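1. Sequence and predicted structure, then a few things I'm wondering about:
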Amino acid sequence: DQQVKQNSPSLSVQEGRISILNCDYTNSMFDYFLWYKKYPAEGPTFLISISSIKDKNEDGRFTVFLNKSAKHLSLHIVPSQPGDSAVYFCAAPKEYGNKLVFGAGTILRVKS
Amino acid sequence: GAGVSQSPRYKVAKRGQDVALRCDPISGHVSLFWYQQALGQGPEFLTYFQNEAQLDKSGLPSDRFFAERPEGSVSTLKIQRTQQEDSAVYLCASSTGTGWGLNTDTQYFGPGTRLTVL
């Protein structure tokens, strides 16, 4: 039962353009979402989060949008930079203890 | 450094061997999580500690997996009689949160231990 889904395994974007990474969820109890970024041979690093009381959260070049009715969120990176090339995971905390439920990840490649 | 550290970074085991993976969380962090990440997948929850108490072990795949955090700081994940399907990256994360209610404290991850079972 995959409660968080990232249906695009990979995305390739030209430097300077916008990258849009998508995430869908099925558990209507989720009310907080996070994006993590992961470089090879490193652990995931927290990037940005959003609470369900908001529909947008912005931090520099990164903006996360939440559409609760569609159970969909997206991460926008603009402008994209080669250093943004990494795997991006969408996640939500679940139940007591706030263990994270992750999507399968999207590999972003930013070409210079 | 001040981050989460894990050792060893890489471990190769023969099928049937026991392995022990260590996690040093950020000092003072109450919550500690173990996740398993298979190739091409996102991390999957294994177990959760609040200080020394193991409050959730619902993600442990079998009774061959055992975790402890006896003094509420360092944690060890032990896998007995390893099988090929245990091959994965094992990630440890810690946070300041107590886990009561929805806690938005960030989980900080270590670099992981890549386990390969031959």
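-> Done, it's in. Source: prediction; values computed, not measured.
2. List the residues that contact residue 9.
-> Since no chain was named, I'll use chain A. A:104-107 (Cβ atoms under 8 Å, 6 or more residues apart in numbering or on different chains). Quick note: C-beta positions are derived from backbone N, CA and C, even for glycine.
3. try chain B instead
-> B:111-114.
4. Inside strands: which ones of the contacts of residue A:9?
-> A:106-107 (DSSP state E).
5. Also within reach of chain B: list those from the contacts of residue A:9.
-> Among these, the ones lying near chain B by Cβ under 8 Å from any Cβ of the partner chain are A:104-105.
6. Highest neighbour count among the contacts of residue A:9?
-> residue A:105 (24 neighbours; other Cβ atoms under 10 Å in any protein chain shown).
7. Would you confirm that it contacts residue A:89?
-> Yes: Residue A:105 is within contact range of residue A:89, at 4.9 Å (criterion: Cβ atoms under 8 Å).
8. if I look at the two, which residues touch both of them?
-> A:6, A:38, B:42.
9. Quick one: residues contacting the nearest residue to the first one once chain neighbours are set aside.
-> Spelled out, that is residue A:6. Spatial nearest neighbour of residue A:6, excluding adjacent residues (Cβ to Cβ, 6 or more residues apart in numbering or on different chains): residue A:103 at 3.7 Å. The contact partners of residue A:103, by Cβ under 8 Å, 6+ apart, come to A:2, A:4-6, A:23, A:89-91, B:42.
10. Would you quantify the distance from residue B:10 to residue B:21?
-> 11 Å (Cβ to Cβ, to the nearest Å).
11. And for residue B:79?
-> Residue B:79 sits 8 Å away from residue B:21, going by Cβ to Cβ.
12. who has more neighbours, these two?
-> Using other Cβ under 10 Å as the criterion, residue B:79 and residue B:21 rank with residue B:79 on top: 24 against 21.
13. what about the closest residue to that one other than its chain neighbours, neighbour count?
-> Distance criterion Cβ to Cβ, 6+ apart; nearest residue to residue B:79, sequence neighbours excluded, is residue B:19 at 5.1 Å. Using other Cβ under 10 Å, the number of residues around residue B:19 comes to 19.
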